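Student: fold the following for me, if possible:
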Amino acid sequence: MKTKTLFIAGLCMAASVANAQTEAKTYDFTKFTQEQIAEFEEAVSDGTWGKQENIYKNMTRIGANSHTDKKKVPITVQNIVNYGGKLTNKEGKEFACVKGLLFGIYLDGNKQFKAHYPNKKNHLGSIWFVCTPKKTNAIRLNGNNFAIVIPNLKKGMQVSVSYRASNGKDEEFLSGYNFDSGNTFVQHPGEGKNTHVAEGKVAEDGAAWFVTTNGGAFIYDITIKDKDGNVITTGIDNITQVTQDNKVYDLNGHYMGNNINALQHGMYILNGKKIIK
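Tutor: Numbers count the residues shown, from 1 in each chain. From the prediction side, this is the model:
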């Protein structure tokens, strides 16, 4: 009986580990933590972000223009990082939930990147953190041609994005750039009210990015895998700086030290992977 019990316990633990790996995301926007919401509130207080009910909206310019009257710089996988903007507070502190990501507007016809400016009347922009209690949270890109840029990727890495049309009615898809021809970013997934997943492998070293169409999208999560298929779960740091440093984090990204054995039983992130102690 004892052997049977241990066997069943082992199966349960193995299933838990498998589920942890399956559910792991590099960036998860479906439930913002109290610490993350506190960062948004701080930015509201300093005037860089606004708040309407439980939605936080940018009130400052995001990104920079690649095309000016004097010079037009075609966007490439290398130079797009010079024009994408971070989401920060007044002091330039990047929000932890999007650390490493860049935002702005991309127009593929001209290979052009543009800054996003808030509305002149209400001073509110169209990059939103939707933090409605007891409902699925998300980043809402409220318009066409909004881009999220993932810098410093390597050829063969895989990116997947869960999303839904912003109005819940129109057929919505994301355009993807610097992905192999087999990617599903350009496919029309069907009804806008449903959640879809677009994914693709990085075609060449450099940045990859995806862009909204047909009115915008709710972005629920972004998952990045290395060439071996391992999920990079350290969205708290630059995704390209995952090293075997034995640093331990909890699931909210808080540093817990370097000795996993000294911690209580639970789930942690060690060397970029979720583990159960």
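Student: Thr212 and Leu174 touch, don't they?
Tutor: Yes. Between Thr212 and Leu174 there is a contact under C-beta atoms under 8 Å: 6.5 Å. From N, CA and C alone the C-beta is placed, and that goes for glycine too.
Student: show me the shaky parts of the stretch 1-150 of the chain.
Tutor: 1-23 (pLDDT under 70).
Student: Gln36 should be in a helix, yeah?
Tutor: Yes. When DSSP: H, G, I helix; E, B strand; the rest coil is applied, Gln36 is found to be in a helix.
Student: list the contacts for it?
Tutor: By C-beta atoms under 8 Å, 6 or more residues apart in numbering, the residues touching Gln36 are 95-97.
Student: in a markdown table, list the residues you listed along with distance to Ser162 and neighbour count.
Tutor: Shown next, in a markdown table, are these (distance: C-beta to C-beta, whole Å; neighbours: other C-beta atoms under 10 Å):
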| residue | distance to Ser162 | neighbour count |
| --- | --- | --- |
| Phe95 | 19 | 20 |
| Ala96 | 20 | 17 |
| Cys97 | 15 | 23 |
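Student: and these, which is closest to Glu204?
Tutor: Cys97 (27.9 Å; C-beta to C-beta).
Student: mind checking what secondary structure that closest one has?
Tutor: Applying three-state DSSP: Cys97 is helix.
Student: roughly how far does Tyr220 sit from Asn79?
Tutor: From Tyr220 across to Asn79, the span is 29 Å (C-beta to C-beta, to the nearest Å).
Student: the two: which is more packed in?
Tutor: Tyr220 (21 against 14; other C-beta atoms under 10 Å).
Student: excluding chain neighbours, give the residue nearest to that one in space.
Tutor: Excluding its sequence neighbours, the residue lying closest to Tyr220 (C-beta to C-beta, 6 or more residues apart in numbering) is Ser162, at 4.2 Å.
Student: what's the helix or strand harbouring that neighbour packed up against?
Tutor: Assigned by DSSP states H and E, Ser162 belongs to strand 158-165. Other elements packing on strand 158-165 under the criterion 3 or more C-beta pairs under 8 Å, 6 or more residues apart in numbering; DSSP states H and E are strand 174-177, strand 196-201, strand 217-225.
Student: that one versus strand 196-201: what angle between them?
Tutor: Strand 158-165 and strand 196-201 are oriented at 160 degrees to each other (axes from the mean of the first three to the mean of the last three C-alpha atoms, to 10 degrees).
Student: run the angle between strand 158-165 and strand 217-225 for me.
Tutor: Using the same axes, to 10 degrees: strand 158-165 against strand 217-225 is 170 degrees.
Student: strand 158-165 pairs with which strands, and in what direction?
Tutor: Next to strand 158-165 in the sheet, as set by DSSP bridges, lie strand 196-201 (antiparallel), strand 217-225 (antiparallel).
Student: of all these, which one is nearest Gly143?
Tutor: strand 217-225 (9.7 Å).
Student: by contact count, what packs against the helix or strand just after that closest one?
Tutor: Using DSSP H and E, the helix or strand that follows strand 217-225 towards the C-terminus is strand 248-249. When contacts are defined as 3+ C-beta pairs under 8 Å, 6+ apart, strand 248-249 sits against strand 255-257, strand 267-270.
Student: what are the contacting residues of strand 248-249?
Tutor: 234, 236, 255-260, 263, 268-270.
Student: least trustworthy position among those, going by pLDDT?
Tutor: When those are compared by pLDDT, Ile236 scores lowest at 38.
Student: out of the contacts of Gln36, who's nearest Lys31?
Tutor: The closest of the contacts of Gln36, once distances to Lys31 are taken by C-beta to C-beta, is Cys97, at 10.3 Å.
Student: quick check: phi and psi on Lys72?
Tutor: Note on Lys72: its backbone torsions stand at phi -120, psi 120 [degrees, to the nearest 10].
Student: what sits against it?
Tutor: Lys72 neighbours (C-beta under 8 Å, 6+ apart): 66, 110, 112.
Student: alright, that wraps it up for me.
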